[in-house]
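[1] task: produce atomic coordinates for the following.
(one chain, ligands or ions: 1)
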Amino acid sequence: MESILVLDFGGQYNQLIARRVREANVYCEVKPYTISLDEIIAGNYMGIIFTGGPASVYTEDAPRVDTNIFSLGVPIFGICYGAQLIAFTLDGRVSSGAETLTREYGKTPLTLMESELFIGISRETSCWMSHGDYICELPTGFYAIATTRNCPFAAFENPNKRIYAVQYHPEVLHTPDGMAMIRNFLYDVCGCTGTWKMSSFVDNMVTHLREHIGAEKVLCALSGGVDSSVAAVLVHKAVGKQLTCIFVDHGLLRKNEGDEVEKLFRNQYDINLIRVNAKERFLTKLVNVSDPEKKRKIIGEEFIRVFEEEAKKIGKVSFLVQGTIYPDVIESGTGNAMIIKSHHNVGALPDRVNFEEIVEPLRTLFKDEVRVVGVELGIPEYLVWRQPFPGPGLAIRVVGSLTKNKLDILRDADAIFCEEVVAAGMGRTISQYFAALTNMRSVGVMGDERTYDYAIVLRAVTTMDFMTADWAKIPYPVLEKISNRIINEVRHVNRVFYDITSKPPATIEYE
Ligand code: XMP
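    Predicted coordinates for the structure are as follows:
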């Protein structure tokens, strides 16, 4: 299979580069810059992309590459830090922006010259710059192919060696022709033909799973989230009734979620599904617990216990399905892989259930690709585009101690919020949006009556990676409608707040 190596130097857009490559229908793998030359050779890659990164090439501990990588005959494309590294390693010169010109940051006009990288792109375009260091002298054999007002070597190449480099970020949307440049590198320079398609992924994975699983039994912990649902349906397509899904309904799910999951899996797919009604059990354990960490711990442990009990009834299974996706497994160049799931509540499952091997059919896919696979498999859009939802569920969205009443209030308010965000056409532009119930009550007046009721807070963020996030700028009229509906339709709520805090300093969830 055609494959590109994305060599990770720790930049913030690295996963985006990989996603862009795959959007161009070329498979790629992200590996830390520390992998050995032998591994790179063994990977049989058709091209290598050096990513950006926060370091300065001339500092002593800066990430470097084995210089022999430039003699492999494999095309190389350096981006930002990657470009500086190419210049520096091949005896060009890089200096700090402070010493020479002004630093470049943001959208910048870009003038292109003749190059294979720029086929089909108009000479005057723009790009997204984000760098402090400058390439002030190119290595021998290289020449400039693009300039900006402050940057004479905004892009450069050595076509004989098939090495290309850009100082800007072609992977971000602020570089309007960036995707075309990436495609040109992949197709014209590397000779890729674009065989990576989600439909062939499904067919190949189903064949592989069938061969690998044989006649054995498979178990899956279904959460109702996108990843575990897609993984389950994929495995079901491969081995049918050999798969059993256990869905622990802990009563901390969103409105109608449990019933929707059951309907989909039992009715649409005829999957063996065990829905465990453990609502009372979880609530009893959580009553009067207000410490966020204690809540998480109790839910995590109880989940494992319930799952374990159900799994025992089935007897020995050979395989356990997990919905692990690519961002969970990428080991980043700087060792700070995305830790969004460090608090995942099913992490301990494999230690407690009797099985032989974990199956992770989505391990190589990004979230958007998982969604495409979901659509391929006929999973309804509402589920495929579902918000990320934390394992401990609504328990960490009711601030302080839990009651069934509080959970019901939250579920209703949240459903209204989500409905209106979708109705306003923002369902896919906001990365995550949900309501939370604050632990404050305050005085209000409704009709002629004084009320003393709860305050709902609306949280909506945009983010690339959930490590940092910005609050979403939902228009006032939309917020107004949401607030009115919540106050009118949900009893015991008399105030609605909109959270305008970014992450950091706040987190996305409330606990
Ligand atoms: P925070 O609140 O840390 O959330 O900014 C970042 C992202 O992680 C999700 N999240 C969780 N996901 N189990 C999960 O599977 C958890 O315990 C958990 N806590 C937070 C959160 O929804 C957001 O997308």
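[2] for residue 352, the count of nearby residues, please.
    A count of nearby residues for residue 352, using other C-beta atoms under 10 Å, gives 11. Quick note: C-beta positions are derived from backbone N, CA and C, even for glycine.
[3] my guess is it contacts residue 308. True?
    Yes. Counting by C-beta atoms under 8 Å, residue 352 does reach residue 308; the two are 5.1 Å apart.
[4] and the contacts of stretch 408-423?
    For stretch 408-423, the external contacting residues (C-beta atoms under 8 Å, 6 or more residues apart in numbering) are 254-256, 387, 394, 397-398, 427, 430, 433-437, 454, 456, 458, 460, 474, 478, 481-482, 485-486, 489-493.
[5] so what's the closest residue to the ligand within the stretch 101-250 of the chain closest to, chain neighbours aside?
    Minimum separation of the stretch 101-250 of the chain from the ligand (C-beta to the nearest ligand atom) falls at residue 225, amounting to 7.9 Å. Leaving out its chain neighbours, the residue that sits closest to residue 225 by C-beta to C-beta, 6 or more residues apart in numbering is residue 389, at 5.6 Å.
[6] roughly how far apart are the one you found and the ligand?
    7 Å (C-beta to the nearest ligand atom, to the nearest Å).
[7] surely that residue meets residue 254?
    Yes. Under the criterion of C-beta under 8 Å, residue 389 makes contact with residue 254 at 7.1 Å.
[8] how close does the residue located most distally from the centre of the chain get to residue 492?
    Going by C-alpha atoms, centre = their mean, the residue of the chain most distant from its centre is residue 448, 48.6 Å out. As for residue 448, its distance to residue 492 is 18 Å (criterion: C-beta to C-beta, to the nearest Å).
[9] and if you look at residue 124?
    Counting by C-beta to C-beta, the gap from residue 124 to residue 492 is 60 Å.
[10] more neighbours: which of these two?
    residue 492 (16 against 9).
[11] quick check, the more buried one in contact with residue 453.
    Yes. Contact between residue 492 and residue 453 holds when scored by C-beta under 8 Å: they sit 4.8 Å apart.
[12] how is this protein divided into domains?
    3-189, 198-384, 397-498 (automatic domain parsing).
[13] quick one: the last one near the ligand?
    Just to be clear, that refers to domain 397-498. Yes. Domain 397-498 reaches the ligand (C-beta under 6 Å from any ligand atom) through 432, 466.
[14] for that domain, what is the distance to the chain centroid?
    Centre-to-centre, domain 397-498 and its host chain are 24 Å apart (C-alpha atoms, centre = their mean, to the nearest Å).
[15] just stretch 270-284 next, same as before
    Centre to centre, stretch against its chain (C-alpha atoms, centre = their mean), the figure for stretch 270-284 is 28 Å.
[16] what's the span of that stretch, first residue to last?
    Start-to-end span of stretch 270-284 (C-alpha to C-alpha, to the nearest Å) is 33 Å.
[17] residues contacting it, please?
    222, 232-233, 236, 241, 243-252, 258, 261-262, 265-266, 299, 302, 306, 310, 402, 404.
[18] helices and strands of the protein: which one has the lowest mean pLDDT?
    None of the helices or strands of the chain scores lower by mean pLDDT, DSSP states H and E than helix 349-352, at a mean of 71.
[19] by contact count, what packs against the helix or strand just after that one?
    Counting by DSSP states H and E, the next helix or strand C-terminal to helix 349-352 is strand 357-359. Applying 3 or more C-beta pairs under 8 Å, 6 or more residues apart in numbering; DSSP states H and E, one finds that strand 357-359 contacts helix 198-213, strand 319-321.
[20] how about a cut-off of 10 Å?
    helix 198-213, strand 218-222, helix 226-239, strand 319-321, helix 349-352 (3 or more C-beta pairs under 10 Å, 6 or more residues apart in numbering; DSSP states H and E).
[21] would a markdown table of these with distance to residue 275 be doable?
    Output for the helices and strands packed on strand 357-359, formatted as a markdown table (distance: least, C-beta to C-beta, whole Å):
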| stretch | distance to residue 275 |
| --- | --- |
| helix 198-213 | 24 |
| strand 218-222 | 9 |
| helix 226-239 | 13 |
| strand 319-321 | 17 |
| helix 349-352 | 18 |
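[22] for this protein, which helix is longest?
    As assigned by DSSP state H, the longest helix anywhere in the chain is helix 292-314.
[23] okay, that one in CSV with CA atoms only?
    What follows is helix 292-314, C-alpha atoms only, in CSV (Å, rounded to 0.1, in the frame of the first residue of the first chain):
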residue,chain,number,x,y,z
PRO,A,292,-15.1,15.4,41.1
GLU,A,293,-12.2,12.9,41.4
LYS,A,294,-14.2,10.6,43.8
LYS,A,295,-17.1,10.7,41.3
ARG,A,296,-14.9,9.7,38.4
LYS,A,297,-13.3,6.9,40.5
ILE,A,298,-16.6,5.5,41.7
ILE,A,299,-18.0,5.5,38.1
GLY,A,300,-14.9,3.9,36.6
GLU,A,301,-14.8,1.1,39.2
GLU,A,302,-18.5,0.4,39.1
PHE,A,303,-18.5,0.3,35.4
ILE,A,304,-15.8,-2.4,35.4
ARG,A,305,-17.6,-4.3,38.0
VAL,A,306,-20.9,-4.4,36.1
PHE,A,307,-19.1,-5.2,32.9
GLU,A,308,-17.2,-8.0,34.6
GLU,A,309,-20.3,-9.6,36.0
GLU,A,310,-22.0,-9.6,32.6
ALA,A,311,-19.0,-10.9,30.8
LYS,A,312,-18.7,-13.8,33.3
LYS,A,313,-22.2,-14.9,32.2
ILE,A,314,-21.1,-15.2,28.6
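[24] other SSEs contacting it?
    Counting by 3+ C-beta pairs under 10 Å, 6+ apart, helix 292-314 packs on strand 218-222, strand 243-249, strand 272-277, helix 279-286, helix 349-352.
[25] so which bits of that helix are buried?
    292, 295-296, 298-300, 302-304, 306-307, 310-311 (16 or more other C-beta atoms under 10 Å).
[26] appreciated, that's everything.
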